[in-house]
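Chemist: how does the following fold in three dimensions:
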Amino acid sequence: MSIIGNILLGALVVLAITAATGYFVAQEFGYMAVDRSRLKARAASGDTGARRALAVTGRTSFMLSGAQLGITVTGLLVGYVAEPLIGNGLKELLGGIGAPTGLSVAIGAATAILFCTIVQMVFGELFPKNLAIARPEPVATALALSTHLYLRLFGWLIVLFDQAATLLLKAVRIEPVEDVQHAATPRDLERIVEESRESGDLPDELSTLLDRTLDFHDRTAGHAMIPRPQVTTVEMDAPVSRVVELMAEGHSRFPVLGHGVDDIVGVICLRDVLTLRNHDLDRVEVSEIAQPAVMVPASLPLPTVLDHLREVDSEFACVVDEYGGLAGVITTEDLAEELVGEIADEHDPTEQRPRAVGEGHWLLPGALHVDEVERLIGHDLPEGDYETIGGLVINELRRLPEPGDTITAELPRPPGADDTEPHRLVVLSVQSVDRHVPETVRLELSETPADPTSSQQPEVNA
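Modeler: Just a heads-up that it's a prediction; the model follows:
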């Protein structure tokens with residue numbers, strides 16, 4: 001065979017071995033990046049390729065060992081054939097035109113190494129890696145059958161190397177694992193939802209629902225309850241006719257109090273009143289028809305509250321603080337609002353609903369939770385020991401507010417934000433006060449140019 005023929009043959013052999021390297025690289029990255037939940041769904045529907053791919057992902061460590069074995073062997077083979085075929089061919093070609101022997105050997109070896117390196121990097125590593133990451137599911141299913149055959153054929157050798165690595169890990173007191181954990185933490189899920197919303201992959205409404213669902217498991221009864229100052233109660237010795245008067249205001253359930261505001265003796269609801277349709281309601285005391293109250297601690301997580309209400313077949317519970325006092329009440333509607341947002345009905349005053357009053361301006365009820373305000377304005381608010389936007393105002397004022405009080409605070413910068421980005425500020429103005437706390441608050445968003453030499457502090461104007 002001619003010298004040119006040997007060089008071309010060497011190039012073809014290198015390309016063929018490089019294709020094998022790319023196969024193992026795609027195998028490695030494809031099975032690590034594939035979505036197992038999608039494979040499970042396809043396997044359940046009868047997809048044979050997905051079922052085989054799912055079986056491979058169940059032995060991640062073994063598969064990775066096999067892929068690394070293939071990558072190592074093919075890499076060595078490239079070096080083994082490159083020098084005698086390509087390097088020697090170029091040496092003879094240069095020698096034939098009168099080049100010195102030493103120079104011919106150096107140029108031949110350098111050219112062979114450069115050619116193999118470029119081919120291996122581009123076609124053996126980068127291309128299959130990026131392909132597997134971009135299309136992990138098609139790659140994993142396409143390679144499933146051949147991967148099974150390869151692992152069966154060379155399983156004995158893979159196990160040998162795998163056991164050697166396991167012994168080394170145990171020698172340094174590290175327990176090896178066969179599979180890689182694919183579970184995501186709640187924080188991971190929040191980041192995924194946020195990134196999907198920003199990229200447009202998730203509609204705003206769906207992303208907000210998912211965000212609320214994730215937060216639901218971290219919230220407690222104290223977060224979702226109607227606080228005691230907003231709860232209408234009745235005395236146990238009051239006539240039932242008084243309950244009827246209160247029900248005309250739009251409520252259907254009331255805690256029944258005994259001796260003091262924290263002495264909860266029961267609950268009365270519309271159903272109890274309807275059983276007395278033929279009685280003189282002025283002569284019947286509330287205590288005669290009141291039902292036992294469902295009690296939950298303020299620190300109880302909302303999922304547990306929901307489970308408890310289901311167990312006792314109730315839609316209403318009294319929330320008790322750590323000192324045994326009545327902290328508020330919670331209903332199944334309050335739990336639903338934690339998932340879907342405020343549920344407005346004809347009994348809710350308009351001033352208790354947040355509403356936009358201009359670009360970057362909102363009029364908010366002071367009792368609106370901070371997390372709902374953050375979703376409304378699309379920014380995080382300063383953290384602190386408070387639950388509501390009114391609590392944020394009081395925290396910054398360091399006193400009880402009066403109408404006209406205004407505070408200005410810098411919003412937390414998003415993670416990874418550039419120093420040149422402007423500072424975002426929130427201006428909160430107290431519009432009205434009820435029971436010594438903000439009843440309505442006007443919120444305005446603004447920006448100031450970034451100034452790395454100073455830090456923005458909250459401003460308070462009385």
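
Chemist: and Asp262, how far from Met63?
Modeler: Separation of Asp262 from Met63 (Cβ to Cβ, to the nearest Å) stands at 63 Å. C-beta here means a position set from N, CA and C on the backbone, and glycine is covered the same way.

Chemist: counting neighbours, go ahead and name the busier of those two.
Modeler: Counting neighbours by other Cβ atoms under 10 Å for Asp262 and for Met63 shows that Met63 has the greater number, 21 against 15.

Chemist: correct me if wrong: Val426 contacts Leu443.
Modeler: Yes - taking contacts as Cβ atoms under 8 Å, Val426 lies within contact range of Leu443: 6.4 Å.

Chemist: can you pull the domain assignment for this protein?
Modeler: Under the assignment automatic domain parsing, the domains of the chain span 3-171, 186-215, 221-340, 350-461.

Chemist: and these as TSV, adding mean pLDDT?
Modeler: Shown next, in TSV, are the domains of the chain (pLDDT from 0 to 100):
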stretch	mean pLDDT
domain 3-171	83
domain 186-215	78
domain 221-340	88
domain 350-461	82
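
Chemist: what helix or strand is the residue nearest to Ala144 when sequence neighbours are not counted on?
Modeler: Nearest non-adjacent residue to Ala144, counting by Cβ to Cβ, 6 or more residues apart in numbering: Arg52, 3.6 Å away. In the assignment (DSSP states H and E), Arg52 maps to helix 48-57.

Chemist: how about that helix, which residues are buried there?
Modeler: 49-54, 56-57 (16 or more other Cβ atoms under 10 Å).

Chemist: stretch 145-154 too?
Modeler: 147, 150-151.

Chemist: just the closest of the buried residues of helix 48-57 to Arg375, please.
Modeler: Proximity of the buried residues of helix 48-57 to Arg375 (Cβ to Cβ) peaks at Thr57, which lies at 36.3 Å.

Chemist: that closest one contacts Ala33, doesn't it?
Modeler: No - in this structure, Thr57 is not within contact of Ala33 by Cβ under 8 Å, at 10.4 Å.

Chemist: can you give me the strands in the stretch 251-400 of the chain?
Modeler: Per DSSP state E, counting those that start in this stretch, the stretch 251-400 of the chain carries strands over the ranges 253-257, 264-269, 295-297, 316-320, 326-331, 355-358, 361-365.

Chemist: show me what the fourth one is packed against.
Modeler: For strand 316-320, the helices and strands in contact under the criterion 3 or more Cβ pairs under 8 Å, 6 or more residues apart in numbering; DSSP states H and E are helix 221-224, strand 264-269, strand 295-297, helix 302-311, strand 326-331.

Chemist: could you check the angle strand 253-257 makes with the second one?
Modeler: Right, strand 264-269. Interaxial angle, strand 264-269 versus strand 253-257 (axes from the mean of the first three to the mean of the last three Cα atoms, to 10 degrees): 150 degrees.

Chemist: residues in contact with strand 264-269?
Modeler: With contacts defined as Cβ atoms under 8 Å, 6 or more residues apart in numbering, strand 264-269 is touched by 234, 236, 240, 243, 252-258, 286-287, 289-295, 316, 318, 320, 326.

Chemist: tell me which residues form a beta bridge with the nearest residue to Ala367 once chain neighbours are set aside?
Modeler: Setting aside the residues directly before and after it, Ala367 is nearest to Thr388 in space (Cβ to Cβ, 6+ apart), at 5.3 Å. Legend: beta-bridge partners of Thr388 under DSSP bridges are His369.

Chemist: pretty sure Thr388 sits against Glu372.
Modeler: No - applying Cβ under 8 Å, one finds Thr388 not in contact with Glu372, separated by 9.3 Å.

Chemist: the nearest residue to Arg51 once chain neighbours are set aside and Leu54, how far apart?
Modeler: In space, and not counting its chain neighbours, Arg51 is closest to Ala43: 4.1 Å by Cβ to Cβ, 6+ apart. From Ala43 across to Leu54, the span is 5 Å (Cβ to Cβ).

Chemist: repeat that for Cys116.
Modeler: Cys116 is 36 Å from Leu54, by Cβ to Cβ.

Chemist: what's around Leu157, how many residues?
Modeler: By the criterion of other Cβ under 10 Å, Leu157 has 13 neighbours.

Chemist: OK, contacts around it?
Modeler: Taking Cβ under 8 Å, 6+ apart as the test, what Leu157 contacts is Leu69.

Chemist: backbone dihedrals for it, please?
Modeler: Backbone torsions for Leu157, taken as degrees, to the nearest 10, come to phi -70, psi -40.

Chemist: and Leu64, how far from Met121?
Modeler: Applying Cβ to Cβ, the value for Leu64 to Met121 is 21 Å.

Chemist: these two: who's more crowded?
Modeler: Each of Leu64 and Met121 has its neighbours counted (other Cβ under 10 Å); Leu64 has more, 17 against 12.

Chemist: looks to me like that one is in a helix.
Modeler: Yes - assessed by DSSP: H, G, I helix; E, B strand; the rest coil, Leu64 belongs to a helix.
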